[in-house]
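*Asks:* The following comprises the amino acid sequence and a computationally predicted model.
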Amino acid sequence: MLGSVLLKSIRDLGRGFLWWALGLVGYAALIVSVYPTVRDNPELDELVESYPEALKAFIAFGGQFDFTSAAGYLGSELFSFMMPAIFLVASVGNGAGSIAGEEERGTLDLLLSMPLSRGRIALEKLAAMCLELVGLGAVLWLALWIGARAFSMDVSAGHLAAATALLVVLAIAYGAIAFMLAGGTGRKGLAVGVTVALAVAAYLVNSLAALVGALEPFQKVTPFYHYAASDPLHQGLDVWHTLFLLAVGAAAAAVGVLLFGRRDVGSSS
């Protein structure tokens, strides 16, 4: 019985993982292949600088706008919005569905009939989610590293790994929040909706804080601030920002396990 919930969860995620991985590789290859035309066009930096401040707030990653450099280009085109959006779709759906999905399909009772505690079941479900996201992060890093070498992009493997690691930890944090909400309510749709709303609000607060003074006090408590503030594509991994995101994920996961352990599963159906 050892590890059976974890292995079953990984197996259930296997087919979806393959499609996610193929999509990441294809999208990364497309973005990287365009870079030589950007690198040879320094006028693009001037064009980006002429953008309205509100627009630049959304496309910047780490606060730098050197669009023609490899790090600046990847930050704006991949890590500022598209990759967080893709990884959050995967993590939130997985986190909300790990328990509530079983409940909606009517298979949770069978799972709970196993000689395992609810806490262990929940933790193994969370572990499967984390392993999927780490795997997707590894696929993205490898695709970007190969692409960077193929197209002579001046960005190190270490800095690519730092940006990818923060992306994975950000996704795990929001996946854990979705798990917490689903574990407490048994409703996957509610957990997804609330978590997505929280993520969008955090993204907007972080992006617009420099333009809207009233938002500035709230910026540093948003996960997106800690995801981008250290500018990992230029500076590498920052321990404190990473620990903040890990703490958010760990706290949400702990509360989710506690709520699931105390909830009357039958009452939510």
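*Replies:* Yep, it's here. This structure is a prediction, so every number in the text was calculated from the model and none was measured.

*Asks:* Where does the prediction get shaky in the stretch 1-150 of the chain?
*Replies:* Along the stretch 1-150 of the chain, the parts satisfying pLDDT under 70 run over 1-3, 45-57, 62-65.

*Asks:* Now do residue 239: how many residues are near it, please.
*Replies:* Neighbours of residue 239 under the rule other CB atoms under 10 Å: 8. The way it works is simple: take the backbone N, C-alpha and C, and place the C-beta from them, glycine included.

*Asks:* Just the pLDDT at it, thanks.
*Replies:* Confidence at residue 239, expressed as pLDDT, is 95.

*Asks:* do the same with the one 4 residues further on
*Replies:* For residue 243, the model assigns a pLDDT of 97.

*Asks:* can you give me the helices for the stretch 1-150 of the chain?
*Replies:* In the stretch 1-150 of the chain, the segments counted as helices under DSSP state H, counting those that start in this stretch are 4-39, 43-49, 53-59, 70-74, 82-97, 100-105, 108-112, 118-150.

*Asks:* what's the closest of these to residue 260?
*Replies:* helix 118-150 (5.1 Å; CB to CB).

*Asks:* okay, the angle between that closest one and helix 82-97?
*Replies:* Going by axes from the mean of the first three to the mean of the last three CA atoms, to 10 degrees, helix 118-150 is angled at 160 degrees with respect to helix 82-97.

*Asks:* picking that back up, for the helices of the stretch 1-150 of the chain, could you give me CSV that also reports distance to residue 236?
*Replies:* Putting those into CSV (distance: least, CB to CB, whole Å) gives the following:
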stretch, distance to residue 236
helix 4-39, 20
helix 43-49, 23
helix 53-59, 22
helix 70-74, 11
helix 82-97, 18
helix 100-105, 37
helix 108-112, 41
helix 118-150, 14
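
*Asks:* and stretch 221-236, how far apart are its ends?
*Replies:* End-to-end span of stretch 221-236 (CA to CA, to the nearest Å): 21 Å.

*Asks:* neighbouring contacts of it?
*Replies:* Stretch 221-236 is contacted from outside by 60-64, 71-72, 74-75, 79-80, 84, 155, 158-160, 162-163, 165-167, 169-170, 173-174, 199, 202-203, 205-207, 219-220, 237-238, 241-242, 244-245, 248, using CB atoms under 8 Å, 6 or more residues apart in numbering.
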